[in-house]
Structures are given as structure tokens and as C-alpha cells.
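Visitor: okay, sequence plus prediction incoming.
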Amino acid sequence: MLMGGDFFAADVISVARSLIGATLLVDGVGGEIVETEAYDRDDPASHSFPGPTPRNAAMFGPPGHAYVYRSYGIHWCLNFVCGPQGRGAAVLVRALRPSHGLASMGERRGLEEERLLCAGPGRLAQALGVSLTHNGMRLDAAPFALHPASGGVDIVEGPRIGITKAAERPWRFGLAGSRHLSRPFPKPGRLSARCDRPSR
DNA sequence: GGTATGATTGACT
DNA sequence: GTCAATCATACCA
């Protein structure tokens, strides 16, 4: 079973949650998604916030397609377009547990350590060979393959990483206890002991 | 035209 | 912990 437009037409937050545990392959290379972030319209941190532009055009296209952008002039980042067409919402895929094509990933990354192959959006895109050529491609056809999680998964959430605007929104989701996350999640339950100092 | 910024990473003190 | 790489985009003149 492949995940396509119907799945991605839902609210971006619930899609970002539901993607945890799913398997993502690009040309047969990839693994289990363990970390995602949601970006919505009316979200100052989102590329779609200023409205449609040539770069973010894919975000305003049909759901279930890829949105790929260059980050810091160096890396590629892979997103899944969500919500009704024209919404301008997408899920950033931030980390995988590598399971398919380890050799290809290691070669592309110039690395042997499995834990660091896909632990971060830039690393993940490099390991899977994702670049601008994938921008706008549908996710339910080659080279993409996306399979839903087989069983129940334990999901944690927290603030998104690397943003300065709307940083308080808890729109980052992860597989609890995974060692393949880009960064650990803040510990839940206890209020920050250091709220007197602005973290950024 | 110029200049500042960033959904990151890796190297270095 | 700090910082450079590197470029599309946004904003200002």
C-alpha cells in the first residue's frame, strides 16, 4: 500500500504525527521516519507565510507532492505538501532510521556511522539523493515510495528546531526513544528551570 | 544596485 | 561552546 493524495489532504499537524513510523524510500533507499515538523500558512516560520513565490510554488500545489528547497545555500531539505490544494502547508522530514540501501547512503554521505546517515533534514536529503529535481514530484510514484507504519508508535512532540519565529509552537514530532533523531526532545513534565534567560 | 538572513552542518576552541 | 560555508530570497535605496 502506498500513501498518496488522500492521506496528505488532511490537516498538516495530524499528517506530521501520522508520518512517524512510516517508511520512506527514494529509489529504494531510505528507512523509517522518526522525526517531522509541520509548517502551515499563517505560520511566520513557514516558507509559505509571505505567499506564493517561484521557490515555494510546490507548497501551494496539490497535496501528496514533494517540496524541496535549498537550505543555507548548501543543503537540500525534503517536505511533503499537505492540506487542500493552495493551503501552503507542508511537513519537513527531519530524520529517518536507515533500513534500506545503507551502502548507497554511506557512499553519498561519505560516512559509515549509521546513526548519522539521516539524522537531520540536510543529511537525510543527501543520503537519499534528494535535490531540486524532486521538487513537485508526486509521492505515490517512482522514485518515491511511502508505506504507513505497521503498528502503533509512541510519539513525542516539542518545539521546532532552528527557527526564530513562532518558535514556541510544538509542531515537531518524533518517535519516542529513537536514537536516530536530529536532536533529543526536551524532557516533558517539568517546567523549564531556566525560564529567566531568553534562549535566543 | 547592495545587504542581511536562514526549516543546516561540520570543524574547531 | 563558537563559527564559516554558500546562495536564493527579501528588503531597501
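Guide: Good, I have the coordinates. Residues are numbered from 1 along each chain as shown, chains lettered A, B, ... in the order given.
Visitor: count the neighbours of A:Pro54 for me.
Guide: 5 (other CB atoms under 10 Å). Where C-beta positions appear, they are placed from N, C-alpha and C, glycine not excepted.
Visitor: for DNA strand C, what are the nearby residues on chain A?
Guide: A:50, A:53-55, A:70, A:72-74 (CB under 7 Å from any atom of the strand).
Visitor: narrow those to those in helices?
Guide: Using DSSP state H, no member of the residues of chain A next to DNA strand C falls in helices.
Visitor: may I ask which of those has the most neighbours?
Guide: Greatest neighbour count in the residues of chain A next to DNA strand C, by other CB under 10 Å, goes to A:Arg70: 14 neighbours.
Visitor: just checking, that residue touches A:Pro121?
Guide: No - counting by CB atoms under 8 Å, A:Pro121 is not a contact partner of A:Arg70; they are 11.4 Å apart.
Visitor: quick check: next helix or strand after the helix or strand hosting A:Leu78?
Guide: Take DSSP states H and E as the rule and A:Leu78 turns out to sit in strand A:75-82. Downstream of strand A:75-82, the next assigned helix or strand under DSSP H and E is strand A:89-100.
Visitor: and for the very next helix or strand once past that next one, what's in contact with it?
Guide: Next helix or strand after strand A:89-100 toward the C-terminus (DSSP H and E): helix A:102-109. Identification of contacts with helix A:102-109 by CB atoms under 8 Å, 6 or more residues apart in numbering yields A:29, A:98, A:112, A:114, A:116-118, A:123, A:126-129.
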